[in-house]
Every structure is written in structure tokens, then in C-alpha cells.
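In: next input, structure requested:
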Amino acid sequence: MPEHTIRIRGARTNNLKRLDVDIPRGRLVVFVGVSGSGKSSLVFDTIAAEAGHQLNETYPPFVRNRLPKWTRPETEGIAGLSPVVVIDQRRMGGNARSTVGTVTDTWTYLRLLFSRISSPHVGESNRFSFNDPTGMCLTCSGIGEVVVSAVDRFLDLDKSLAQGAIRLPGFGDGGYWYAQYADIGAFDAGTPLREWTADERQALLHGGEHAARLGTKTPKDYEGIVERFERIHLRTTDNLSDRKREIIARFTRSETCPDCLGDRLNEAGRTATVLGHTIGGMARMEITELTGLLQQVTDPTVAPVAAALGDRLRAMDTIGLGYLHLGRATTSLSGGESQRIKTVKHLGSSLIELLYVFDEPTVGLHPHDIDSMAGLLRQLRDKGNTVLVVEHDPAIMAIADQIIEIGPDAGADGGQLVFQGTFEELRAARTATSTALDRRTPVTTSPRTASGTITVADATRNNLRNLTVDIPAGVLTVLTGVAGSGKSSLAAELVAQHDAVVIDQKPVSTNRRSTPVTYTGIAPAVRKLFARHSGVPAGQFSANSEGGCPDCNGLGVIRTDLAFMDGQETVCETCEGRRFTEEVLRHRVNGLSIADLDDLTVTDALGQLPDKRIREALQHLERVGLGYLRLGQPLTTLSGGECQRLKTAKELRVAAEPALYVLDEPTTGLHLRDISVLLDVLDRLLDQRHTVVVIEHNLDVIRRADQLIDLGPGPGRHGGRILYQGPVTRIEGTVTAAALREA
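Out: So this is what the prediction gives:
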């Protein structure tokens, strides 16, 4: 008889304090708590990790060695698990060939449809595959874009050849190729290029006819700068060095393929039609539009294909992704869009009694759209599955069968079970979440006065329609609107047209050596501080360099690879986990060795490290509510909300001149209580005369705006227009206005 609960005893992963909890199976259970309290440690690093590990153990070693590795959690016991499906916020990424169509398998169905009933008949479905040599456009190798020289970046017109007007490496005075241009007698090496004639500049760049037209003595084998660059860097792509890759990135750009015009296919595949549309044309249609078109397919021989394709497309539309198109690159999807894409393949599954684990499924969703996600979670539960959700949104808490709160606080002060019960019972409890649910940020009734305007001119990115907008300087502007309405596109245009400090949703880059000290860039200052007090070189105080324990390479642990079994880590016997040599550990600052710093919290370190630069960086961490982090805490143990605040802290700085800050959904991963901390950080930036522009769905942040720019009215081609611009108190007639009113 199957277990009725998931039974966890003595969970000790990360900051969990020997936590015991029984979680009902077959229910929708929402886990809440402040950022860093231990929710993710329980749900992902304990429950999902153990379920994934045990499922992998059922496969033979050969298969197991090729499956994702799960690190087994530290617990006394777990029972009642099922096979797990983890749907997290990680962006889908992928390569240049990965699209919405390929990752959802809808492109496979569409290819099959065209291979059977297209006119003219082309052949098998691989003839419509841009990943297959028989179907791909040979000019762009099925990518839809080609790399071309960014010729406008090659020259500095305000300099002469002798002053380094040719920006490409090797062309400056003394460079390998300099003499082949400056010393041939055809060009004046001492005159700025801006004073040259247009023909002279064209001859320098392109040679050939342009050089012949000069009537000067250019050598017969003269090669223009562009041709030389392309021969050396673009026509030899084997075993590219990092240096060459960096040069190519700086001096090239991607353009739509001139042959396939972005369709990725060869002529046969891109000219065949179904219902009067090519497959490339269908890939550019919004999913909602494509769904309606494919209902006109009546040929009984392809009825199963059309039905399966229609089901997938309707599923994407149901969860609010109808504005996407199948040709959209997965690398351009937000974390929220990626998460919803991942759910599509599970909607039609016949499997039951699975364990679904979601990480903040409402990320990227306007309050107006949350009902669709709530319906999806219920649907998965009602099919007989257990659905565990880490979430901060009250609307998802309200539909839960049970809520579990981990806390009471973050870091070392969290990791305990503080509440388990219904939403109504939570509202009556005295926890961090229940207190925050009763608190509402007041609407800004006296907005700040702008110090000027920052203009975004003629924006046409994605669904923006020649949009020109003046964004007030020196105040908080919040961009609102339903998912896909054009908020991110407008913000991207703002960044492209003006210098800005960008804090986006991209994950924090981490490895096993990454800590708050290394991420914030104060590690060199810490090493120099110890060097000044000890009189030895700063490199001695780097665990990755001279001062690291030679036996463990400064890691503090010895890792043994056990092939298809989990790797084994043991504490290094030489340094006893301290990472440094004994000689280095003898040197101290304020009685602390370099290894002792790892155990200090940010708040404790503020009073013990006598260095201005270090204190400033640590103060930024404390201001964003991360004072409880240990300086040596691996970033791999941080929650999504903690990583978001860590990125914010890194970018906080006192600029000599007012700067533009652009933040993409900074409340991602933040508990309701922590949002007030974020708002205080934004206020501090505004007090320093900076301009702050935020893309956000959180109503507390929207209420605090000095100015709203609401885009819509719908997603995709139904959006891209400004519906309202002005103070929060006057917005009406939009879904954002309705959400503010209903809240």
C-alpha cells in the first residue's frame, strides 16, 4: 500500500536543523518563508535530490553514468517518495539551433505535417529540419544568421594610421601588418582618417577596385583590411584560441542570412506550403494565431499529427505563452517563460503519482495571468500527483491544500519548521509570512520631481511599434503590463540607447570556490590587507595560488571520483579543511587568520576588517539584507532571492555623476518581508540622484513608483503600445489598474 505522506526525519542539508516533517501526498503543498530560510534546501536539495538519486539507482551503471548527478542530502531518513519532475527557473539556454519549437517538440510535428501534405511535395520530415544537412540552408548552416564583419568598428576616424586608427590587433604602429598599409606610399600615415576622402577610406578597407581608383601605387597583391580580417579570422574556424574568439566577438555582428532570410532551410524546404503558408511563415506566427490556422487542416491522413500539434500549441496558450512563436530562440526566454515552457510536455502525460516540484511558477506573470498558472497546478494535482511549490505569491498560497513555512529567519537563524496548516490558519499565525500578508505598501501620493528626461527614440525591438517615450530622470519608473507586452523590449532599447547599470535575471555564475568575498570583488583587498599587516606577498593569502594547501589545492576537501556512483568528498587531512598552509595561517589581522574570515558573517566582519574598500562592499551586502551570510559561504548554497540581492549589492556604488539603473524583476525569489528591504535600497539610489527603471509585476513595488509606464494591451502583436504613463494614483482602464484596485 503506497505511503500517504512524504516522511522526512533529521534533514540537515545546508541550514536545515535536523528538520522533521510529514508532507501529504496527492496534494498541492506550498512552501513559504523568508529568502534564505531553507525552503529550497528542503524541497530541492533534500526531497527532489533524494527522489532523483533513488530513481537513477534503478538504471544500470552505463546509463547511470550519463544521467544528471544528484547530490544525496544529509538526513536520517526519507520515505514515501515518487519519481520526481523538477520545473525550475533556470533559463533554458541552449545553442543557436534551440528554439521554442524544438524544445517543445512542436517543430517535429510541424515538420511531419509538411512532409505529408505540403505542395509541392518535398519528401521526408528531415527535409524540413534545419539541423539536418538535407534540410538546412547551406549558407548559414541552418542557423538563420551569418557572421559578418562589423566594418564600422574597424577604424577610429579621429586618429591617423600612426596614432592607431586601425583598431584591429596587429595593425597599430609597430604591429605585424602596420607597414603593409602605412608604408606603401598610397596613404598618408600622419593625417586623421576623418580628413581622408571617402575613396581613400574605402581603399584602405576594401582594396580591389577602390584601391585602383586612387591612381596611386598600391601593390598588386594589396589586400584591404576587411579581406585580411575575414581571411584570418572568419575563414579559419578550426581550433580557435580564446584570443581569436574575443577578436571575432568584438569586430563582427550577426545578420539575417541573405539566402534563407532567417528561415534556416534550403530552397525546397522553405518554399513548400500548407494552407498557403510556408513552414518558416508558420514558425513566425504567434502560437495563438498558428493554433487557429491549423484547425483548417482537414486531410484525414494527417489527423493524428494535426491533433497532437494542436494539443501542444493550446497547452502553451493556456499557460500564457500564446504570444511566443515557434522560431523564437530559447536563449531569449526569461526565467518565467522557460519554466512555463518546461511544463507543457507534462500537461498531456498519462503518468500519475509523480512528484512535481516547482520553483516560484508565478515569476514573470502579471497578477492578471496568475489564475492560469494556478489552474495548471491544480490540474497536475487532480490527476493524482503530488505538487510541491516554493512560492511567495499570496494568490498561490491561497489555493494550496497545505502550507509549510520554514524559518523563522534566514541563514543560521532559519532551517526550522515554524508552521504547517491551511492558508486560513496561516493568516492567524504569528510568522514572518503571516505578518507580511497583513502589511501593504502605501501608494505613492507625492511622487518625486524629475530632474530631466531620458528619451528612448523610435524603438522597434520585438513588438514595439516605432515607440518613442521620455523616461523621467532621478525618479523611480516601473514598467508594467502582461507577460509579453513589451516591457523587456523597452528596457532593452533603453539600455541600448543609453549607458546603464543593468541588474537582470541571469543566474549568478558560481563554482565551488565562489563566495560573497570573491563575487563582490573584495578578495584582492582582503589579501592586500593581510599582506600589509604581515609583510609577506599578497599572493600568499590566496587559496587558489601560493598560499593554498598543496594536497587539496586550496579546496579544503579531497574529492574522489567514483564513476557512476556519487563522488566522495573528505576533509583534507593536511589543512583540516582550512584551505591554507600552516605558514599562511600564522599571520593575523585583529586576531583573525585568513581562514577565520570564512566563518565571519557580513555583519560581524564590518567591525573587524580595518579597510575602507572592504567595509563599503560589505555595507552594500548588509543593506540588501544579506548581513547573515558567512564570508566563505559557497554561492552554490544560496537561494534565488539571495542571489538576486547579491547581484544588486554588487552594483550598488556611489557614482560621481547620476547613473541609470535598470532592474529586471528584482523581487524574484524575495519574500514579502524582504521586498521592503529592496525598496529601501532603491530609495537610497534615488536619494543619490540616480535614475531607477524597474520591470516588475509585484504590486508593492508598483505602488511605490513615482511614475508608471503600462504597456499592452495584450502580449506579442497585441502589445507594444503605451497604455498609460503617469503617477500610480491616476492609472485606470488597464489590467494593471484592475490588479491594483482588487488588491
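In: which stretches in the stretch 51-200 of the chain count as helices?
Out: Along the stretch 51-200 of the chain, the segments classed as helices by DSSP state H, counting those that start in this stretch run 61-64, 100-103, 106-117, 179-182, 198-206.
In: between these, which one is nearest to residue 541?
Out: Residue 541 sits nearest to helix 61-64 of all the helices of the stretch 51-200 of the chain, at 41.3 Å, using CB to CB. To be clear about C-beta, it is placed using only N, CA and C from the backbone, and glycine gets the same treatment.
In: now the nearest residue to residue 720 once chain neighbours are set aside: how far from residue 107?
Out: Nearest in space to residue 720, with sequence neighbours left out and distances taken as CB to CB, 6 or more residues apart in numbering, is residue 463 at 3.7 Å. Between residue 463 and residue 107 the distance is 22 Å, computed by CB to CB, to the nearest Å.
In: now do residue 392
Out: From residue 392 across to residue 107, the span is 35 Å (CB to CB).
In: so where is the protein shaky, pLDDT-wise?
Out: For the chain, the stretches flagged by pLDDT under 70 are 1-3, 90-94, 212, 214-218, 236-240, 335, 507, 509-511, 562-567, 653-656.
In: quick check: the gap between the most centrally placed residue in it and residue 719.
Out: In the chain, the C-alpha nearest the mean C-alpha coordinate belongs to residue 506, at 2.5 Å (CA atoms, centre = their mean). Using CB to CB, residue 506 is found at 23 Å from residue 719.
In: tell me who's in contact with residue 449.
Out: Residues in contact with residue 449 (CB atoms under 8 Å, 6 or more residues apart in numbering) are 474, 475.
In: cool, and residue 151?
Out: Residue 151 makes contacts with 205, 226, as judged by CB under 8 Å, 6+ apart.
In: could you pull out the helices for the stretch 601-743 of the chain?
Out: Ranges of helices within the stretch 601-743 of the chain are 602-606, 612-623, 640-651, 672-687, 699-703, 735-742, based on DSSP H, counting those that start in this stretch.
In: centre of the chain to stretch 74-86, how far?
Out: 28 Å (CA atoms, centre = their mean, to the nearest Å).
In: buried set for it?
Out: For stretch 74-86, burial by neighbour count (16 or more other CB atoms under 10 Å) applies to 75, 78, 80, 81, 82, 84, 85, 86.
In: for residue 692, what are its contacts?
Out: Listed by CB under 8 Å, 6+ apart, the contact partners of residue 692 are 475, 476, 477, 661, 663, 682, 685, 686.
In: who has more neighbours, residue 392 and residue 107?
Out: For residue 392 versus residue 107, neighbours defined as other CB atoms under 10 Å are more numerous around residue 392 (28 against 23).
In: how about the nearest residue to the more buried one, chain neighbours excluded?
Out: Nearest residue to residue 392 in three dimensions, chain neighbours excluded: residue 671, at 5.5 Å (CB to CB, 6+ apart).
In: does the one you found really touch residue 433, like I thought?
Out: Yes - the criterion here is CB atoms under 8 Å, and residue 671 meets it with residue 433 at 7.2 Å.
In: A helix includes the residue nearest to the centre of the chain, no?
Out: No - Residue 506: not assigned to a helix; according to DSSP: H, G, I helix; E, B strand; the rest coil it is coil.
In: next, the buried residues of stretch 52-63.
Out: For stretch 52-63, a neighbour-count test (16+ other CB under 10 Å) marks 52, 53, 54, 55, 56 as buried.
In: so how many other residues sit close to residue 570?
Out: Neighbours of residue 570 under the rule other CB under 10 Å: 11.
In: widest-spaced pair of the contacts of residue 692?
Out: For these, the maximum inter-member distance is 14.1 Å, found between 475 and 663 (CB to CB).
In: who has more neighbours, these two?
Out: Ranked by neighbour count (other CB under 10 Å), residue 475 and residue 663 place residue 663 first, with 27 against 20.
In: I'd say that one and residue 691 touch.
Out: No - Residue 663 lies out of contact with residue 691 (CB under 8 Å); the separation is 11.5 Å.
In: remind me what the helix or strand harbouring residue 471 packs against, helices and strands.
Out: For residue 471, the element it lies in under DSSP states H and E is strand 467-472. Strand 467-472 sits against strand 453-459, helix 487-497, strand 691-695, strand 707-712, strand 721-726, with contacts defined as 3 or more CB pairs under 8 Å, 6 or more residues apart in numbering; DSSP states H and E.
In: just checking, what packs against the next helix or strand along the chain from that strand?
Out: Scanning forward in sequence from strand 467-472 by DSSP H and E, the next helix or strand is strand 476-480. Strand 476-480 sits against helix 487-497, strand 691-695, helix 699-703, strand 707-712, with contacts defined as 3+ CB pairs under 8 Å, 6+ apart.
In: quick one on the thing from earlier: to residue 439, which of the helices of the stretch 601-743 of the chain lies closest?
Out: Per CB to CB, nearest to residue 439 of those: helix 672-687, 7.4 Å.
In: next one: that closest one to chain centre, how far?
Out: That offset, for helix 672-687, works out to 22 Å (CA atoms, centre = their mean).
In: what are the buried residues along it?
Out: Neighbour-count burial for helix 672-687 flags 672, 673, 674, 675, 677, 678, 679, 681, 682, 685, 686 (criterion: 16+ other CB under 10 Å).
In: just the C-alphas of it, formatted as PDB.
Out: Provided in PDB are the C-alpha atoms of helix 672-687 (Å, rounded to 0.1, in the frame of the first residue of the first chain):
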ATOM      1  CA  LEU A 672       7.100  39.700   1.000                       C
ATOM      2  CA  ARG A 673       9.000  40.900   4.000                       C
ATOM      3  CA  ASP A 674      12.200  41.300   2.000                       C
ATOM      4  CA  ILE A 675      10.500  43.500  -0.600                       C
ATOM      5  CA  SER A 676      10.600  46.400   1.900                       C
ATOM      6  CA  VAL A 677      14.400  45.900   2.100                       C
ATOM      7  CA  LEU A 678      14.600  46.100  -1.700                       C
ATOM      8  CA  LEU A 679      12.500  49.300  -1.800                       C
ATOM      9  CA  ASP A 680      14.800  50.900   0.800                       C
ATOM     10  CA  VAL A 681      17.800  50.100  -1.500                       C
ATOM     11  CA  LEU A 682      16.000  51.700  -4.400                       C
ATOM     12  CA  ASP A 683      15.200  54.800  -2.300                       C
ATOM     13  CA  ARG A 684      18.900  55.100  -1.400                       C
ATOM     14  CA  LEU A 685      19.800  55.100  -5.100                       C
ATOM     15  CA  LEU A 686      17.200  57.800  -5.700                       C
ATOM     16  CA  ASP A 687      18.500  59.900  -2.800                       C
END
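In: who touches it?
Out: Identification of contacts with helix 672-687 by CB under 8 Å, 6+ apart yields 34-35, 392, 394, 432-433, 435-437, 439, 441, 448, 474-476, 623-625, 641, 645, 648, 652, 661, 666-667, 670, 692, 694, 698, 700-701, 704.
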